[in-house]
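> Generate coordinates for the sequence data below:
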Amino acid sequence: MRTLSWILGAVVVVIALVVAGPFAYRAVRGGDDAPAAAVSTERAEAAAGDLDGTWSVVPGTVPNVTAAGYTVDEILRGEPVTVVGSTDQVTGEATISGNTLESATFEVRVADIATDIDQRDNQARSPRILDAAGHPVATLSVAEPVDLTTVPGDGSTATLPMVVDLTVKGATVRKTVEVTVFRSGESLIASGAVPMTWTEVGVTPPSLGFVTVGPDGTIDFLVSLRKD
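Coordinates of the predicted model:
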């Protein structure tokens, strides 16, 4: 009788592991992370001053805190999971003249991009994926001038198409992205998500059998700038 009880107990444990396995794995790896940062008009103020000049990246304030990173989808035994990695280690500046964005370049420290799981981040930083040691900086630059005359100063936003050059792992690709631009007080804030197929920049999406990383994703950014 004791042996039968032990066998039944073992069967229950095995069934529980089979049923709960994917969910337990998801709990360990963090599950669906917060969505990528996007411009918020919360706490908006009337814009101060004009746009012309040189603007530098600053940390920003909640809810518009400077950050950059990536968003990627995974399939875990048929269940979609979204992963977001981000860092506040972003530098750069933009130059505006005659209400035209003449140039803008932003640099992101790849090794500081983090999700909520260290093991995942270590894999992402490895040479076979982002190669943070060999290519420590990812760069986003505006490739063509952008007319900013439609950007309001009343606490609302404008969405503008921008052509950008994105450099990841030493490879540069040119993309068109919709960028949300917002002025509040002395701040100029912009956010966007650059669509990306990982192989374009020499990244092979990892597959671990029951977990498969999608071939596409986005490189996300939210930058808060102040005039120098």
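
> most residues in a single strand of this protein, which one?
Across the chain, the longest stretch assigned as strand under DSSP state E is strand 211-227.

> Just the mean pLDDT for that strand, thanks.
Average pLDDT, strand 211-227: 93.

> what distance separates it from the middle of the whole chain?
On the basis of CA atoms, centre = their mean, to the nearest Å, strand 211-227 sits 3 Å off its chain's mean C-alpha point.

> In terms of secondary structure, what does it contact?
strand 53-58, strand 60-61, strand 64-65, strand 67-76, strand 90-97, strand 100-109, strand 137-142, strand 187-197 (3 or more CB pairs under 8 Å, 6 or more residues apart in numbering; DSSP states H and E). No exception for glycine: its C-beta is placed from N, CA and C like everyone else's.

> buried residues in that strand?
Of all the residues in strand 211-227, those buried under the rule 16 or more other CB atoms under 10 Å are 211, 213-214, 217-225, 227.

> For the closest residue to Ser103 other than its chain neighbours, give the beta-bridge partners.
Distances taken as CB to CB, 6 or more residues apart in numbering put Thr95 closest to Ser103, at 4.9 Å, once the chain neighbours are dropped. With beta bridges defined as DSSP bridges, Thr95 has these partners: Thr54, Ser103.

> Tell me who's in contact with Thr95.
If you count contacts by CB atoms under 8 Å, 6 or more residues apart in numbering, Thr95 has them with Gly53, Thr54, Trp55, Leu101, Glu102, Ser103, Ala104.
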